[in-house]
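J.: coords please:
(chains A and B)
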Amino acid sequence: MDAPIAMPVADAPRGASAWGSLYGRSERLALAAGALLMVVIVAGSVLLASRTATNLRNGETSRNIRLLTTDLLQLVTNAESGQRGYLLIGRREYLAPYLDATRRVPDLLARLDQVLDRSPEVKALQEGIQSKMVELARTVRLQEAGRHDEALALVETDLGRNVMEKLRGVARKLETTQRLRISTDLAASETGARGLVWVDLAALLGLLLLAVFVGSSLRRTLLALDASGRSLEAANAELRRGSDRLEGAVAARTLDLTNANEEIQRFAYIVSHDLRAPLLNIIGFTSELENATERLGAFVALNLEPAGIEVPQAVREASQEDLPEAIRFIRTSTAKMDRLITAILRLSREGRRVLVPEQLDMAQLVGGVFDTVRHQAHVVGAELVSGALPAVVSDRLAIEQVFSNLVENALKYASLERPVKVEVSGTRRGATLTYMVRDNGRGIAERDLERIFELFRRAGQQTVPGEGIGLAHVRTLLRRLGGTIECSSVPGSGSTFTVVLPAVLAPDRAAMLQRGALLE
Amino acid sequence: MNAVPVTILLIEDDDGHARLIEKNVRRAGVTNAIIHVSDGTSAMAHLFDRGETVKGDPILVLLDLNLPDMSGTDILARIKADPALKRTPVVVLTTTDDRQEIQRCYDLGCNVYITKPVEYEAFAVAIRQLGLFLTVMQVPEPA
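T.: Numbers count the residues shown, from 1 in each chain, chains lettered A, B, ... in the order given. Here you go, the predicted model:
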């Protein structure tokens, strides 16, 4: 990566992550004030309602008092005129209004008592009416007893008239008081109501203002949240772009590596191929030379010497020793060179082969490998054992080559001191498979453990022919399969080759990349 | 082989190979004239101008695909597209064993495709067998 991936930090509002702190301090205050205003409005309304009820009750009382006063005054007046008529005429018919009044006055007085207005006027009214009714009753009783004069005399004392006058005054005063009281109550309740309306209006206005304030501050918070959301999104996008760039860089590098690898393989192929053409001539003409030498030697031995023709020593040596020896050395060297070139060619071809992943029954595959070496194993009396072998998805040919190479090596480098035993087993851990090829052979010295995987390198006593290609080939194959190989060994008691493979070989990524690049 | 002697045109850029091919073919009993050319241009001159060969003589081509100046497959295509030469047997004798290359040669009308064995002994055996094959092979008269 050339450019570092920018990691912008979203400047989200303080603690915007939780709902509880969505509101700031001022917003919380505003909400509290709003609640208070609501309480004021409700309390005011309740107060107004109760005061109105009181006023209504007061008004009712006042009206009742006024009605009762009027009725009582009327009744007392009626009773007085009834009394006067009875006293003047002397006939009981005139007493009817008086009798009616005496029946109804106690009832009305009782009702006045229930009004529960203990004002002095009411008290005076009650007393006045009672004393008037007492005066009237006295005169009526005197008239009934025939003491007409005594009754008239009582009237003439003006006691009754005075009481009546006083009563009227009290009634008037009461009327005025009550009317005043009603109007005061009304005015008071009107003022109260108006005041309350103002208070309510003010509270409403306050609420409205608070709503606007909280709303706008909420809006600010939401906008901030939105902005932080957007900056988060921008950060994510930047991150995505970064990872895209990274992936692009990885893809480009992979392509570079693939190209380089391809180039090396092409180079190996061309070199081995082009070296082979002259080598074929060397081998071919060496073969011709050999034939010619044989014919020459045979001619010298069979034709010249028996015929008694003297052959110079140098000619005999040349035809029978020098030439065959030279040819022998040329042959050994060219044979070796040929094998090396063949190996390079094979490796380069192997690198170009497209891998085809398929499900591989490893028990079956290893069984197949054992079958191909059965004869060799029989010759050395080797025991071939396979343990648990988990299946793998990989390239069949490559896996077969890996395991036959390892098993063949185990048989090739067997110890002569004990019965040979080769064991192949495996385990699976997650997406990784580990296979082990264990032998009880001669083992490998620690300093050679890495060397044995190098091309054209061999280790230990060279008792078996070989070019040092097998394990290099195995490592190359495994590298292509996304796997590794390691060796642990105890010289003199055996080696274990550990092969680690991905459980599933991805389809040829390098090949796909290569094709993709070619399409572009 | 035919009553009219067939000329073998050997198109091979490696002189050593050409010589070894000739030797081994001869050992199989082939006595026909063998003309060796080591590049595409000379090959084309022989095929289409018939400078050195008698016009109308039947011809058999042994063709190596790796030539310094042109591709062997181009020569093959030219032969098979030519009305006079299209029946001429062409034996491709090359080192390539690429499947696509083999298919392409047969598509173009090559009659036999032989991969030169990489070991000399096998090579010598293969060329001798080719020689034996050539001795019994019928080559059509040119049109």
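J.: who's the residue nearest to the spatial centre of chain B bridged to?
T.: Chain B has B:Leu62 as the residue nearest its centroid, 1.0 Å off, counting by C-alpha atoms, centre = their mean. Following DSSP bridges, B:Leu62 is listed with bridge partners B:Leu10, B:Val91.
J.: what about the strands in chain B?
T.: For chain B, applying DSSP state E gives strands covering B:7-11, B:34-37, B:59-63, B:90-94, B:112-115.
J.: okay, A:Gln364 and chain B: tell me how far apart.
T.: Taking C-beta to the nearest C-beta, to the nearest Å as the measure, A:Gln364 and chain B are separated by 28 Å. Just so you know, the C-beta spots here come from the backbone N, C-alpha and C atoms, and that holds for glycine as well.
J.: quick one: average confidence on the helix or strand that contains that residue?
T.: Following DSSP states H and E, one finds A:Gln364 within helix A:362-372. For helix A:362-372, the mean per-residue pLDDT is 92.
J.: just to revisit the earlier point, the residue nearest to the centre of chain B reaches B:Leu93, doesn't it?
T.: Yes: using C-beta atoms under 8 Å, B:Leu62 makes contact with B:Leu93 at a distance of 5.3 Å.
J.: coming back round to it: give me the next element, helix or strand, following the helix holding A:Gln364.
T.: helix A:374-380.
J.: what helices or strands is that following helix leaning on?
T.: On a contact count with 3 or more C-beta pairs under 8 Å, 6 or more residues apart in numbering or on different chains; DSSP states H and E, helix A:374-380 meets strand A:383-386, helix A:396-412.
J.: tell me the most buried of the ones you listed?
T.: helix A:396-412 (a mean of 20; mean count of other C-beta atoms under 10 Å in any protein chain shown).
J.: so how far is that one off the chain centroid?
T.: Mean-position distance between helix A:396-412 and its chain equals 49 Å (C-alpha atoms, centre = their mean, to the nearest Å).
J.: can you name the residue of chain B nearest to chain A?
T.: Of all residues in chain B, B:Gly16 sits closest to chain A, at 3.3 Å by C-beta to the nearest C-beta.
J.: mind checking which helix or strand A:Arg230 is in?
T.: helix A:159-298.
J.: that helix close to chain B?
T.: Yes: counting by C-beta under 8 Å from any C-beta of the partner chain, chain B is contacted by helix A:159-298 at A:273, A:276-278, A:280-281, A:283-285, A:287-288.
J.: for the longest helix along chain B, name the packing helices and strands.
T.: When chain B is scanned for its longest helix (criterion: DSSP state H), the result is helix B:120-135. With contacts taken as 3+ C-beta pairs under 8 Å, 6+ apart, helix B:120-135 sits against helix A:159-298, helix B:15-27.
J.: now do the buried residues in the shortest one.
T.: What that stands for is helix B:15-27. For helix B:15-27, burial by neighbour count (16 or more other C-beta atoms under 10 Å in any protein chain shown) applies to B:17-25.
J.: identify the farthest-apart pair in those residues.
T.: For those, with distances taken as C-beta to C-beta, the pair at the greatest spread is B:His17 and B:Val25 (12.0 Å).
J.: distance between stretch B:76-83 and the chain's centre?
T.: For stretch B:76-83, the distance to the chain centre is 14 Å (C-alpha atoms, centre = their mean).
J.: give me the contacts around it.
T.: B:44, B:47-48, B:61, B:63, B:85-86, B:88, B:90, B:92, B:105, B:108-110, B:143 (C-beta atoms under 8 Å, 6 or more residues apart in numbering or on different chains).
J.: not counting sequence-adjacent ones, nearest residue to the residue of the stretch 51-200 of chain A at minimum distance from chain B?
T.: Closest residue of the stretch 51-200 of chain A to chain B, C-beta to the nearest C-beta: A:Asp200 (96.2 Å). Among residues not flanking A:Asp200 along the chain, A:Ile41 sits closest, at 5.3 Å (C-beta to C-beta, 6 or more residues apart in numbering or on different chains).
J.: and the angle from the helix or strand hosting that neighbour to helix A:159-298?
T.: Here A:Ile41, judged by DSSP H and E, is contained in helix A:25-89. Helix A:25-89 runs at 160 degrees relative to helix A:159-298, counting by axes from the mean of the first three to the mean of the last three C-alpha atoms, to 10 degrees.
J.: if anything else comes up later, I'll come back, but that's it for now.
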